[in-house]
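Participant: what follows is a predicted structure for the sequence shown.
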2 protein chains.
Amino acid sequence: MSTPLEKTVVDPFGTTVVEDYDHLYEEFGIEPFRPLLDQVPKPSMYMRRNVIFGHRDFQRILDTIKRQDDFAVMSGIKPTGEFHLGTLMTAREVIYFQRQGATAFYCIADVEAYEDNKIPFEKSERIAVGNVADLLALGFDPAKGYIYRQSKEERVKDLAIIFGGGVTLSTMTAIYGERHIGLYLSALIQAGDILMPQLQDFHGPKPTVVPVGVDQDPHLRLTRDLANKFSRKYNFIPPSSTLHKIMKGLDGSPKMSKRNPMSYFTLNEKPESISKKISEAFTGGRATVEEQHKLGGIPEICPIYELCMYQFVEDDEQIIKTYNECRSGDLLCGEHKDRATKIVLDFVKEHRRKRQKCLDTARDILQIS
Amino acid sequence: MSTPLEKTVVDPFGTTVVEDYDHLYEEFGIEPFRPLLDQVPKPSMYMRRNVIFGHRDFQRILDTIKRQDDFAVMSGIKPTGEFHLGTLMTAREVIYFQRQGATAFYCIADVEAYEDNKIPFEKSERIAVGNVADLLALGFDPAKGYIYRQSKEERVKDLAIIFGGGVTLSTMTAIYGERHIGLYLSALIQAGDILMPQLQDFHGPKPTVVPVGVDQDPHLRLTRDLANKFSRKYNFIPPSSTLHKIMKGLDGSPKMSKRNPMSYFTLNEKPESISKKISEAFTGGRATVEEQHKLGGIPEICPIYELCMYQFVEDDEQIIKTYNECRSGDLLCGEHKDRATKIVLDFVKEHRRKRQKCLDTARDILQIS
């Protein structure tokens, strides 16, 4: 059930490809998650399957849960479009920790959407309504959390101003490269997002876990540095993180990407479009049916297998069964694609039904009329 | 009555010395002010004496005054300490334009004080109360103006976020050198200050004049660029400026500086301390009384002459008389220092009396209890 070493990305704003995850442990000080698994009271699907493969300081969160002390979970979305499989993963992680007792903070990163993607605030505001409805439909409990837009949250902007005095230009260019100033500003604002749960307004300081894709790790490193630099003033506890792997593109590309529409789908895409993308996806299958029966498929490189394993099949037994069927050559790619399509479309249909009911609440939460 | 070419500074955060003001005309596109003087309905002392020696786009302001249309004046203070002769000059310029009909904006640049001088907001808040009392005592009419702190003015912070997307790293390093990110952020916030008067909230867009020392010109260049870049969204009119010369240090150093206490005094310094600094000041006098009688003094290089001419003697005839007395050798430096001391101390005494009465209003304006 383990996945092979694979290429991934560690620059949240670019595409610096590194060779494998082991590399990350050595070079960036990310710890492997697996050794902590036994201590997690109710490990999530992502944890069980090593999709969450790494962490920073997660022992602190486990200790806090054991002691039944307060903690926070914080993550968010850049409102550039509909929920896709990456934002789905983060949202589910936030909801998971919320159910484990964390106060949940979910940030609509509209400043980053503006600075990094040139999305005007008038546009990201509309997109955010849908994003929040998705989050609520997935089970986020607004009574035990706080959903906000960066552009409207003065505490976050004020923290960014405070943090600005503690970040040298060379730190910024080392992490983000030579970019326009707004991008660096949005990185400071993101540090504000991550540390805001620790302000007195939210009964901080307190341990905070930030579940993110490994491509977001640089933000965490920056924020942990800032937490230390400003600890005397704020008593910040350096935030912990869990790091999940990045899904491959359906078309076999290393990463799902908007620039490549066949590599991904959104939760609000037409069913026919989703079906088509799955049916045309790259797989770990062989050149001919005969070869496949003889040699078996290679689930380790298969986006369809990944789709089920990462996201859409909750039952571990079922996943193991599929893995073995594929390896043995009993399961052909067409059949697997049909199964996956059904599972995905069932999920999407049900999700959309729930989402529709959440739109008004989303507007209320975002104070958008 | 003209001053000689002299060394000055064009880096608001540093000390890049340039050789003369003519240089500024050529290199930075600053226009000489003198040719516009005849068009100014009631020229200020600074204008008449070429202390305001340069401008950008000031014709636009003159045309606006002629048409009796709305315009704004905007400047401010970095709350790092008491009012000194530099902030006195800017404050008087703002008040001058307010009396010519401009809506006056006066910014307490507490974000810049934090980013550039590491002054915590708790401290700059206390300093700002005194600064605003000084401004009011000098004649600023709060009913026809808006005094605010950067850290509390969301419109300014939001403009900074918008502008961030329009400034490359190389623009920033070209203007400010390699600094920490907070400093660049404070430059964006300052651009926000300068353009805020043009928002709809303040019945903008409208022509705005920013009276500053020549060392602040880089902010203006950046802001004029941003006004053009974001003109489609906001209809900004590029702000105009007047540029005044920087006073020499009393000790003969090229610029008054906090690092050098004998080079300057504040409006709230003890009279004995001010007396002492004036009496020990560098002058344009000769080595002996005899030589002085024979050759005359050199007012062009004399900080005492500058003190009177720039700031404390309102009557032009009086200044011309002093200039001639000095040049002819009739006026000795000791005598001139005594006269200057009396004028300065009389002013300071009266100012402090008025200032004391303005402290409560200042606290109200800044919403500080």
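Facilitator: Arrived safely.
Participant: would you map the strands across the stretch 101-250 of chain A?
Facilitator: With DSSP state E, counting those that start in this stretch as the criterion, the stretch 101-250 of chain A has strands at A:103-108, A:145-149, A:208-213, A:240-244.
Participant: how about these in a markdown table, adding distance to B:Arg232 and mean pLDDT?
Facilitator: For the C-beta atoms, the positions are set from N, CA and C on the backbone; glycine is no exception. Output for the strands of the stretch 101-250 of chain A, formatted as a markdown table (distance: least, Cβ to Cβ, whole Å; pLDDT from 0 to 100):
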| stretch | distance to B:Arg232 | mean pLDDT |
| --- | --- | --- |
| strand A:103-108 | 25 | 98 |
| strand A:145-149 | 24 | 98 |
| strand A:208-213 | 35 | 96 |
| strand A:240-244 | 40 | 96 |
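Participant: for B:Ala362, which of those strands is the nearest?
Facilitator: With Cβ to Cβ as the measure, strand A:145-149 is the member of the strands of the stretch 101-250 of chain A nearest B:Ala362 (33.8 Å).
Participant: by contact count, what packs against that closest one?
Facilitator: Counting contacts by 3 or more Cβ pairs under 8 Å, 6 or more residues apart in numbering or on different chains; DSSP states H and E, strand A:145-149 packs against strand A:103-108, helix A:121-137, helix A:333-366.
Participant: let's see it at 10 Å
Facilitator: Helices and strands touching strand A:145-149, by 3 or more Cβ pairs under 10 Å, 6 or more residues apart in numbering or on different chains; DSSP states H and E, are strand A:72-77, helix A:85-99, strand A:103-108, helix A:110-117, helix A:121-137, helix A:154-164, helix A:333-366.
Participant: would you mark the buried spots in that strand?
Facilitator: Applying a neighbour-count criterion of 16 or more other Cβ atoms under 10 Å in any protein chain shown, the buried positions in strand A:145-149 are A:145-149.
Participant: relative to chain B, which of those is nearest.
Facilitator: Each of these was scored against chain B by Cβ to the nearest Cβ, and A:Arg149 proved nearest at 11.9 Å.
Participant: just give the closest residue to that closest one, not the sequence neighbours.
Facilitator: Counting by Cβ to Cβ, 6 or more residues apart in numbering or on different chains, the nearest residue to A:Arg149 once its immediate chain neighbours are dropped is A:Ile108, at 4.4 Å.
Participant: burial of A:Ala137, as a residue count?
Facilitator: 22 (other Cβ atoms under 10 Å in any protein chain shown).
Participant: for it, give its distance to A:Arg92.
Facilitator: Counting by Cβ to Cβ, to the nearest Å, the gap from A:Ala137 to A:Arg92 is 12 Å.
Participant: if we can go back for a sec, just say which of the helices and strands packed on strand A:145-149 is most tucked in.
Facilitator: strand A:72-77 (a mean of 27; mean count of other Cβ atoms under 10 Å in any protein chain shown).
Participant: how far does that strand sit from the chain's center?
Facilitator: Taking Cα atoms, centre = their mean, to the nearest Å, one finds strand A:72-77 lying 10 Å from the centre of the chain it belongs to.
Participant: so for that strand, mean pLDDT?
Facilitator: Averaging the model's pLDDT scores along strand A:72-77 yields 98.
Participant: what sits closest to the most centrally placed residue in chain A if chain neighbours are left out?
Facilitator: The residue lying closest to the centre of chain A (Cα atoms, centre = their mean) is A:Thr90, at 3.2 Å. Leaving aside its sequence neighbours, A:Thr90 sits nearest to A:Ser75 (Cβ to Cβ, 6+ apart; 4.9 Å).
Participant: A:Lys78 is in contact with the residue nearest to A:Arg149, correct?
Facilitator: Yes. Shown here, A:Ile108 and A:Lys78 form a contact pair, counting by Cβ atoms under 10 Å, at 8.3 Å.
Participant: what do the two both touch?
Facilitator: With contacts defined as Cβ atoms under 10 Å, 6 or more residues apart in numbering or on different chains, the residues shared by A:Ile108 and A:Lys78 are A:124, A:127, A:131, A:150.
Participant: in what helix or strand does the residue in chain A sticking out farthest from the centre lie?
Facilitator: For chain A, the residue at maximal distance from the C-alpha centroid (Cα atoms, centre = their mean) is A:Glu290, at 38.7 Å. Using DSSP states H and E, the secondary-structure element containing A:Glu290 is helix A:289-295.
Participant: contacting residues for the closest residue to chain B within the stretch 1-150 of chain A?
Facilitator: Scanning the stretch 1-150 of chain A for the residue nearest chain B gives A:Glu115, at 5.3 Å (criterion: Cβ to the nearest Cβ). A:Glu115 makes contacts with A:13, A:109, A:179-187, A:189, B:161-162, B:164-165, as judged by Cβ under 10 Å, 6+ apart.
Participant: now swap in A:Val210 and tell me
Facilitator: For A:Val210, the set of contacting residues under the criterion of Cβ under 10 Å, 6+ apart consists of A:56, A:72-76, A:90, A:93-94, A:97, A:105, A:193-194, A:197, A:216-217, A:219-220, A:223-224, A:239-243.
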